[in-house]
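K.L.:
Any chance you could fold what I've pasted below:
(2 chains)
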Amino acid sequence: MIEIAQLEKHYQVQGRQISALRNINLDIAQGEVFGIIGRSGAGKSTLLRALNLLERPTSGKVVFEGEDITQFNTQQLQELRQRIGMVFQHFNLLSAKTVAQNIEFPLKLTGKYTAQQRAARVAELLDLVGLQEHAAKYPAQLSGGQKQRVGIARALANYPHLLLCDEATSALDPETTQAILRLLLDINQKLGLTIVLITHEMQVIRSICDRVAVIDGGEIVETGNVVEVFLHPRHAVTQSLVAENQALDLSLLQELSQRGQGSSLSYLLRLTYVGSATHEPILSRIASQTKAEITILQGVIARIKNTPYGQLIVELLGEENEIDAVLKLLGQADIRVDVLNHLLTNSPAHSQTQAQEN
Amino acid sequence: MDFSVIDWDDILQATLDTLTMTGVSLVFTILLGLPLGVLLFLTGKKQLLQQGALYALLSFVVNMLRSIPFIILLIVLIPLTLFLVGTSLGVAGTIPPLVIGTTPFFARLVENVLREVDKGIIEACQAMGAKTYQIILHALLPEALPGLLAATTVTTIALVSYSAMSGVIGGGGLGDLALRFGYQRFQTEVMIVTVAILVILVQLFQWLGDVLVARFTRK
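P.N.:
Predicted coordinates:
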């Protein structure tokens, strides 16, 4: 549906050239929820605005439904933008208009509908976002979540083919965030609407996106299915974004770890399993087949959009041959195993040497 | 104090003259100043129709007109006033200089008010595919309405005060009465009454303005 090719955006600031976007290549499919994640200043906002040409790229192509929109004239752009809805972090509602008038506004701009048609469409949209009772209120009388619902209804008014979300939940509290994300997912599934969203929160990506691109310093550093990127992040930026979402408490692990008792070996493992494996009692089955001790130190079982997954940090204590057997069994059971010993071994020794130096 | 010397018919006529000068001038000031202010805003830096050269020119003219003392403007504009209204005297002769004196002031206020409108709203309109004129008429001006009403109030009060100088060209009005009778003929009573009426008028305009601003504020 959207094809971005070799997109570049450079600014001249006091004679110096600043690159906001460098060599961006992306394909976004019809009907998917595509997330772009990055820290502030990474260029995600510029990238999102290149999709409806609010930001003119310096070079490169943005092909939307088969047409290179960077070649469009002003009038073509205005028509294009009526087919692309946009939702903003700070809602950007017209404060002088009521909820119903705000939603009606994009319909009025087209000049295509009669007052009756507009009223019918507004009623439909109010129903979709659950704001029927608030039609006559002004935005200032609404909560943040309600304002964003108005923003979403307004963005959907002209039956867009694509919805752009600019940090749509960043100004909302966690509970409201979940409600708005559910609404977006609902719209995506009900209307088959393609959604492109930008965010700095992995949580948002995890909740509703199918695919994700990680942007850093104006470049896409990683892209792929959310499950893959979330569970096995490759790039350092992705890893740190994921880590914020499910923090490894190293000092706690240190405390819980029984390492160094007797002659047995200790392994700190991260086990990741996805999909149907989540429902199977793999760990207890393995435990019954070995003399090695398996202790769960930390764990999470959750969902990435519709895919259940589990991630456990376990400590494995035992003789070498026992441990090898367990690792083999884990491998057979379609569980990804990462050995995390290196995270623990260095830190105490390091702090000791420092203490001696002082 | 002997208030019996006051000719109340004169006072009434002067009050009506002041109201006429203020009212008619205000209408023309808004008709000319609002578009000028919108143009100043639009051509400004990083705005919808950014035009550095045009903005600089408009801004220069506005500043220049604002820097000329009104009393001088009254005299300098006599030929233009004659051409526009057929006389350079009286209430009619005062209105063109009043309009030319306050239009740049009002335009600058309008520009400032429009700059206060959230840029996100303009961006949202653009994202909806709104044309520039639609953004101005349906988003910018309605959003700025409370601020525009406040600017109009300030301008109205400035007009009341400017109109007091119209006596120089035989204009009439309360200020003129205060000057001719109260000051030049030492009738302190006239001075007191006219100034009191001016105070009441200004308070009234300000109150009315505040009511309207509150009525249209949705934030």
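K.L.:
now for the helix or strand hosting residue B:71, which elements pack on it?
P.N.:
Per DSSP states H and E, residue B:71 falls inside helix B:70-76. Contacts defined by 3 or more CB pairs under 8 Å, 6 or more residues apart in numbering or on different chains; DSSP states H and E place helix B:70-76 against helix B:90-115. To be clear about C-beta, it is placed using only N, CA and C from the backbone, and glycine gets the same treatment.
K.L.:
Stretch A:212-225: end-to-end distance?
P.N.:
6 Å (CA to CA, to the nearest Å).
K.L.:
List of residues touching it?
P.N.:
Outside stretch A:212-225, the residues that touch it by CB atoms under 8 Å, 6 or more residues apart in numbering or on different chains are A:9, A:19-26, A:34-39, A:42-44, A:46-47, A:205, A:210-211, A:226, A:229-230, A:233-235, A:237-238, A:241.
K.L.:
Where do the helices of the stretch 1-150 of chain A begin and end?
P.N.:
For the stretch 1-150 of chain A, the helices defined by DSSP state H, counting those that start in this stretch occupy A:44-50, A:74-82, A:99-110, A:115-129, A:144-156.
K.L.:
and of those helices, who's closest to residue B:42?
P.N.:
helix A:74-82 (15.4 Å; CB to CB).
K.L.:
before we move on, what SS does the residue nearest to residue A:95 when sequence neighbours are not counted have?
P.N.:
Spatially, and ignoring its direct neighbours in sequence, residue A:95 is nearest to residue B:218 (4.8 Å; CB to CB, 6 or more residues apart in numbering or on different chains). Here residue B:218 is recorded as coil under DSSP: H, G, I helix; E, B strand; the rest coil.
K.L.:
quick one: residue B:218 and residue A:131, what's the gap?
P.N.:
Using CB to CB, to the nearest Å, residue B:218 is found at 17 Å from residue A:131.
K.L.:
Of these two, which one has the most company?
P.N.:
Between residue B:218 and residue A:131, residue A:131 has the larger neighbour count (other CB atoms under 10 Å in any protein chain shown), namely 20 against 16.
K.L.:
got a list of what the residue nearest to that one when sequence neighbours are not counted touches?
P.N.:
Closest residue to residue A:131 apart from its sequence neighbours, by CB to CB, 6+ apart: residue A:149 at 5.5 Å. With contacts taken as CB under 8 Å, 6+ apart, residue A:149 has the following neighbours: A:129-131, A:180, A:183.
K.L.:
Which among these count as buried?
P.N.:
Buried subset of those (neighbour count, 16 or more other CB atoms under 10 Å in any protein chain shown): A:129, A:131, A:180, A:183.
K.L.:
Kindly reformat those as JSON lines and extend each row with distance to residue A:302 and pLDDT.
P.N.:
Shown next, in JSON lines, are the buried ones among the contacts of residue A:149 (distance: CB to CB, whole Å; pLDDT from 0 to 100):
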{"residue": "A:129", "distance to residue A:302": "27", "pLDDT": "93"}
{"residue": "A:131", "distance to residue A:302": "30", "pLDDT": "93"}
{"residue": "A:180", "distance to residue A:302": "19", "pLDDT": "93"}
{"residue": "A:183", "distance to residue A:302": "21", "pLDDT": "93"}
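K.L.:
out of these, what pair is the most spread apart?
P.N.:
Longest span within these, CB to CB: A:131 and A:180, 12.6 Å.
K.L.:
was I right about residue A:322 contacting residue A:292?
P.N.:
Yes - counting by CB atoms under 8 Å, residue A:322 sits close enough to residue A:292 to count as a contact (4.1 Å).
K.L.:
Let me see the contact set for the residue nearest to the spatial centre of chain B.
P.N.:
Compute the mean C-alpha point of chain B, and by CA atoms, centre = their mean the closest residue is residue B:155, 3.5 Å away. The contact partners of residue B:155, by CB under 8 Å, 6+ apart, come to B:26, B:29, B:33, B:102, B:105-106, B:109.
K.L.:
ok, so of these, who is nearest residue A:272?
P.N.:
The closest of the contacts of residue B:155 to residue A:272 turns out to be residue B:109 (CB to CB; 62.9 Å).
K.L.:
so that closest one makes contact with residue B:153?
P.N.:
No - using CB under 8 Å, residue B:109 is not in contact with residue B:153, being 10.1 Å away.
K.L.:
These two - which one has more neighbours?
P.N.:
Shown here are residue B:109 and residue B:153; by other CB under 10 Å, residue B:109 has more neighbours (21 against 18).
K.L.:
Look at residue A:301 and report its pLDDT.
P.N.:
Note for residue A:301: predicted pLDDT of 82.
K.L.:
could you list every residue that touches it?
P.N.:
A:278, A:308-310.
K.L.:
how about a cut-off of 7 Å?
P.N.:
Residue A:301 makes contacts with A:278, A:310, as judged by CB atoms under 7 Å, 6 or more residues apart in numbering or on different chains.
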